[in-house]
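In: what's the 3D shape of this:
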Amino acid sequence: MIKDMIPVGTQRAVARREANPFTFLQQEIDRLFDGFGRNFPPFATPVAMMPRMDVSETDKTIEICAELPGLETKDVQLNLADNTLTIRGDKRSEREEQDKDYLLVERSFGAFSRSVALPEGIKAEDVSAEIAKGVLKVTVKKPTPKQSRQIDIKTAA
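Out: Just a heads-up that it's a prediction; the model follows:
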């Protein structure tokens, strides 16, 4: 009689639980651990190392801005191959603090790489880049569209 009052979707869950309680327990434990680290801030995870990027486009150019705080020109590489622009770099920081009773030294480092697909026909000489105040700005000139022309068809005699 109580099973008749349980909604349809829940009846299946109750039936599975009754059929094999250990399987149900394992599923609940997996569900618990899957969501365990979601609310913690990322520290040195690969996602935390990825620079944020904005890509915008005009009629003549594509502009890519990547946030690279604390990095200089020597820390960043820009490569163009097979219509893919790749930004690579190394983030390194070291902080030392000394007082009467303690010495604190913190170091962090890691590499990152981001790629952006570009239209066909981009040449390396059409790409320019500058870094200022922790922002890398890459400007890519779009290739001129290939001209198409209509060909007249003659009637054979």
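
In: make it CA atoms for all contacts and neighbour counts henceforth
Out: Fine.

In: quick one: buried residues of the helix or strand where Q77 lies?
Out: Using DSSP states H and E, Q77 sits within strand 76-81. For strand 76-81, a neighbour-count test (16 or more other C-alpha atoms under 10 Å) marks V76, L78, L80 as buried.

In: quick one: distance of the following helix or strand past that strand to the chain centre.
Out: Downstream of strand 76-81, the next assigned helix or strand under DSSP H and E is strand 84-98. Centroid separation for strand 84-98 versus its chain: 17 Å, with C-alpha atoms, centre = their mean, to the nearest Å.

In: direction included, what does strand 84-98 pair up with?
Out: Under the criterion DSSP bridges, strand 84-98 sits next to strand 76-81 (antiparallel), strand 103-117 (antiparallel) in its sheet.

In: immediately after the longest one, which helix or strand?
Out: Sequence-wise, the next helix or strand downstream of strand 103-117 (DSSP H and E) is strand 127-132.

In: returning to that earlier point: reformat the strands paired with strand 84-98 as CSV; add mean pLDDT and distance to R31.
Out: Shown next, in CSV, are these (pLDDT from 0 to 100; distance: least, C-alpha to C-alpha, whole Å):
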stretch, mean pLDDT, distance to R31
strand 76-81, 92, 40
strand 103-117, 86, 31
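
In: out of those strands, deepest packed?
Out: Highest mean neighbour count among these (mean count of other C-alpha atoms under 10 Å): strand 76-81, with a mean of 14.

In: list the contacts of that strand.
Out: Strand 76-81 is contacted by residues L85, T86, I87, R88, G89, D90, A124 when judged by C-alpha atoms under 8 Å, 6 or more residues apart in numbering.

In: same thing but 6 Å
Out: Identification of contacts with strand 76-81 by C-alpha atoms under 6 Å, 6 or more residues apart in numbering yields L85, T86, I87, R88, G89.

In: try stretch 138-157
Out: By C-alpha under 6 Å, 6+ apart, the residues outside stretch 138-157 that reach it are K60, T61, I62, E63, I64, G121, I122, D126, V127, S128, A129.

In: quick check: the two most widely separated of these?
Out: For the contacts of stretch 138-157, with distances taken as C-alpha to C-alpha, the pair at the greatest spread is G121 and A129 (18.5 Å).
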